[in-house]
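What shape does this take:
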Amino acid sequence: MNNQLSQIIWIRVVLTTIVVFVVALITVTLIITGYAAYLGFQARGAPDVDMIDAFAEQYAPLLSSIFLILFTFFGARHAARRVEGAGQINALAVGVLSGLVHAGSNFANLLDLNALPVSILAIGAGWLGSKISPKK
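Residues are numbered from 1 along each chain as shown. Now for the predicted structure:
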């Protein structure tokens with residue numbers, strides 16, 4: 001099978017990458033909101049804002065990285081399944097674009113050791129999604 005860049009359906013790849021980031025962000029937001037609700041029920045009133053901030057500062061970067069990699073895998077599987085002949089190259093493009101967007105979003109903090117490994121793992125998740133994707 002000869003995959004070429006001309007076989008990539010860019011609109012599908014870009015939309016899948018956007019959906020991956022939005023779903024990862026919503027998932028992390030729901031987890032933090034769930035923790036805030038738990039604190040509110042535990043306190044039987046308004047939750048402690050400092051505890052919510054501490055939880056968000058400590059766990060949000062880790063959770064967002066994990067969910068980005070996980071949803072990149074599922075997005076790449078979806079992209080590979082929906083394309084007839086060039087599923088692997090489309091899924092890999094989703095992984096590469098997710099990795100580039102993640103690295104670009106963390107470009108302001110060049111000393112962030114989280115950006116490069118997560119970007120590489122997002123590319124790997126795209127590649128793995130192309131290999132494991134179920135065929136139509």
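
tell me the mean pLDDT for whichever strand or helix holds residue 96?
Counting by DSSP states H and E, the element that carries residue 96 is helix 87-105. Averaged across helix 87-105, pLDDT comes to 89.

try stretch 12-22
Stretch 12-22 shows a mean pLDDT of 95 in the predicted model.

Same question for it: list its buried residues.
Residues of stretch 12-22 classed as buried under the neighbour-count rule (16 or more other CB atoms under 10 Å) are 12-13, 16-17, 20-21. Glycine gets a C-beta too; all of them are placed from N, C-alpha and C.

likewise stretch 35-55?
Neighbour counts using 16+ other CB under 10 Å place 35-36, 39, 47, 52 of stretch 35-55 among the buried residues.

Could you list which of those belong to helices?
Taking DSSP state H as the definition of helices, the buried residues of stretch 35-55 contribute 35-36, 39, 52.

now, among those residues, which is nearest to residue 85?
residue 35 (45.4 Å; CB to CB).

which residues does that closest one contact?
By CB atoms under 8 Å, 6 or more residues apart in numbering, the contact set of residue 35 is 52, 55.

Great, nothing more from me.
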